[in-house]
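Visitor: Show me how the following folds:
(one chain, ligands or ions: 1)
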Amino acid sequence: METELPPRHPEAPAPGTELGPHYAKCFGCGEQPDGLHMRMVAGDGLYLDSTFKVLEAHQGAPGLAHGGLLVCAFDEALGTTAGTFLRRPAVTGKLDTDFLRPVPVDSVLHIRSTLDGVAGRKVYVSADGRLDGPEGPIAVKARGLFVTVKLEHFAKHGRASDIAAVTANPSMLEVNP
Ligand SMILES: CCCCCCCCCCCCCC(=O)SCCNC(=O)CCNC(=O)[C@H](O)C(C)(C)COP(=O)(O)OP(=O)(O)OC[C@H]1O[C@@H](n2cnc3c(N)ncnc32)[C@H](O)[C@@H]1OP(=O)(O)O
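Guide: Numbering: from 1, shown residues only. Below you'll find the model as predicted:
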């Protein structure tokens, strides 16, 4: 598959900028009580650095993060990477994950997610998640294919009450394609 490396969008957040939630109710980055509350900082290339602290509510086995929630963290990081550097929303088409080490409750996963290339509406992204700091051992790796969509995608498919809520209060969204 031929891909191109896109330029960093001129309106992408400056390197070092901490991103706000892309949607106030997002499970990954918004205000959901048991959500992942991920924090993300724009890198100086086509990458983001994110952190996800594994909490009590995120367990699968005793004292360990649930694998599906780890996938959720990567979905969030990868989708935000695509959206941030292209300045248009992208939804997950495909997501592959390698789980290399268990991730304990109370640990912080340090995720670097990178935009690797685009081909038409397809956006290829990948990420590594490390324990014990940004240079620590890799616990989880992921690769994703995201597909850019127009805002109508959400208006057409989203639950009507939530669409009405964000229409009435656009500050719930960080969307400015
Ligand atoms: C603005 C700034 C915002 C910043 C913040 C944003 C943050 C966001 C954070 C989000 C965080 C969380 C993120 C979430 O949780 S997103 C939520 C989870 N994902 C979804 O709900 C997506 C559901 N799927 C769809 O809606 C449609 O299937 C989409 C839109 C994806 C494509 O249907 P559409 O009819 O529109 O397009 P198309 O079918 O012509 O496909 C187009 C191209 O893509 C290729 N293709 C498609 N699927 C696959 C696949 N599985 N493997 C390989 N390839 C695939 C396809 O072959 C074609 O290629 P080509 O023929 O052109 O070569």
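Visitor: going forward, measure contacts between C-alpha atoms and count neighbours the same way
Guide: OK.
Visitor: biggest helix in this structure, by residue count?
Guide: Assignment by DSSP state H gives helix 67-86 as the longest helix of the chain.
Visitor: how about the strands in this protein?
Guide: Using DSSP state E, the strands of the chain run over 39-42, 47-53, 90-99, 108-119, 122-130, 138-148.
Visitor: For those strands, could you give me a markdown table that also reports mean neighbour count?
Guide: Putting the strands of the chain into a markdown table (neighbours: other CA atoms under 10 Å) gives the following:
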| stretch | mean neighbour count |
| --- | --- |
| strand 39-42 | 21 |
| strand 47-53 | 23 |
| strand 90-99 | 16 |
| strand 108-119 | 23 |
| strand 122-130 | 24 |
| strand 138-148 | 21 |
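Visitor: tell me which residues of the longest helix of the chain are tucked away?
Guide: For helix 67-86, burial by neighbour count (16 or more other CA atoms under 10 Å) applies to 67, 69-71, 73-86.
Visitor: Then stretch 162-173?
Guide: By neighbour count, and taking 16+ other CA under 10 Å as the criterion, the buried residues in stretch 162-173 are 163, 172, 173.
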